[in-house]
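> How does the following fold in three dimensions:
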Amino acid sequence: MARGSNTGNRALVQGAAKALDEFKYEVAHELGVQGVDSGYWGDVPARQCGAVGGHMVRKMIEMAEQNLAGRNAR
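Numbers count the residues shown, from 1 in each chain. Below you'll find the predicted structure:
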């Protein structure tokens, strides 16, 4: 990706960035990732960061599926 290009890394829903950030810390705590309370992730190994992101995606897909199932049940 070109330097300074940040097109794929922004929230599509206004106000979602803060909620996603809070969700990231919630998932990190669930997975037992240490040392992120300060907001600095530089000491966290890439494998653990990837696990946090992967777990976030799984949980968001689960929430979306539940939302869709609830809509279809009406």
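> Please point out which parts of the host helix or strand of residue 62 sit buried.
Assigned by DSSP states H and E, residue 62 falls within helix 46-73. Within helix 46-73, the residues scored as buried using 16 or more other C-beta atoms under 10 Å are 48, 51, 52, 56. Heads up, the C-betas are built off the backbone N, CA and C, glycines and all.
> cool, stretch 20-31 as well?
24, 27, 28.
> Would you mind pulling up the elements that the helix or strand where the first one lies packs against?
Counting by DSSP H and E, the element that carries residue 24 is helix 16-31. Contacts defined by 3 or more C-beta pairs under 8 Å, 6 or more residues apart in numbering; DSSP states H and E place helix 16-31 against helix 46-73.
> what separates the helix it packs on from the chain centre, distance-wise?
The chain centre lies 9 Å from the centre of helix 46-73; the measure is C-alpha atoms, centre = their mean, to the nearest Å.
> just the angle between it and helix 16-31, please?
Per axes from the mean of the first three to the mean of the last three C-alpha atoms, to 10 degrees, the angle that helix 46-73 makes with helix 16-31 is 110 degrees.
> helices or strands next to helix 46-73 in the packing?
By 3+ C-beta pairs under 8 Å, 6+ apart, helix 46-73 packs against helix 16-31.
> From the chain's centroid, how far away is the helix it packs on?
Relative to its chain's centre, helix 16-31 lies at 6 Å (C-alpha atoms, centre = their mean).
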